[in-house]
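Participant: sharing a sequence plus its predicted fold:
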Amino acid sequence: MAVSLATIPEVRTDVRTADGLLEGYLSSGIGPDVPLAPIGLNRRLVDYIRSERGYHIAQHGCHHDIFEFGGTDSCELARRLDWGARLLGEAGLMRVEAFVAPYDRFSPAAFIEVAARFDVISSGWFEVGRVPVRWWASYALKKLRRHRHWSAGGHHLLSHPGCLLSFKRPRGTMLESVRRAVESTSLTVLVSHWWEFYPLGVPDDELIGVMHEVADWLSSRKDIRVVTFGAVASGGVPVN
């Protein structure tokens, strides 16, 4: 099955959460001792990603700073987008199909710059105060129809039902939560964070087992297709 990897082009290695702890994707691995680490610095990781035909890339911000795409400086937003795209390309990760903002935070200026470069934008949610004025009519129609996904200006904007595969959720009901989400709509974006399966670098075998159960269930359903963001961008998958 296809898997879209939200890939940070040049991760900042000192990002901390509100409680002062290192971000999970940093504390669950051993990274280079540099302030900013471009993904191309880890050839083993890049070679692994490139060797798997089922992996597809979504650009995940640039440095993954806190709310880095919540700002209003269009020039800085554009610089981060273009610099991130350049680093992914130089690493050989060419199939970039969508954009995902760190912490799901966008400003109207960020949406405009991202939409100039990507046909598919994925986020946890969309707020009227954060989408560009030019998209308000499309956003109002989405709310009126109670659609999870919507389109504006020729772009597809996809939301997801939260991180259902997470160590913060009950293990016994996780598969059922995924099943309900998938069966409730024609298109569902399933999100998980790799580091939640390896807290502090130690494999969580039980949670990994649940992920395998989800994969088994998806593969057993002949009426369900696992698709890529690229398939959405090409128009091969209905958004609403």
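Facilitator: Perfect, I can see it now. Numbering: from 1, shown residues only.
Participant: residue 105 against residue 67, yeah?
Facilitator: Yes - proximity of residue 105 to residue 67 meets the contact threshold set by CB atoms under 8 Å, at 4.5 Å. Yep, even glycine has a C-beta here, placed from its N, CA and C like the rest.
Participant: out of these two, which sits in the busier spot?
Facilitator: Set residue 105 next to residue 67 and count neighbours by other CB atoms under 10 Å: residue 105 wins out with 18 against 15.
Participant: now do the same contact list for that one.
Facilitator: 67, 69-70 (CB atoms under 8 Å, 6 or more residues apart in numbering).
Participant: from the residues you listed, which is closest to residue 237?
Facilitator: Comparing those against residue 237 with CB to CB places residue 69 closest, at 24.9 Å.
Participant: in what helix or strand does residue 180 lie?
Facilitator: helix 174-183 (DSSP states H and E).
Participant: for residue 32, same thing?
Facilitator: Short version: residue 32 belongs to no helix or strand, going by DSSP H and E.
Participant: look up how far residue 45 lies from it.
Facilitator: Distance, residue 32 to residue 45, by CB to CB, to the nearest Å: 11 Å.
Participant: look up phi and psi at residue 96.
Facilitator: phi -90, psi 120 (degrees, to the nearest 10).
Participant: swap that for residue 48, please
Facilitator: According to degrees, to the nearest 10, residue 48 has phi -60, psi -50.
Participant: what helices and strands are in contact with whichever strand or helix holds residue 87?
Facilitator: Element membership of residue 87, judged by DSSP H and E, is helix 74-90. Applying 3 or more CB pairs under 8 Å, 6 or more residues apart in numbering; DSSP states H and E, one finds that helix 74-90 makes contact with strand 10-12, strand 55-60, strand 96-100, helix 108-115.
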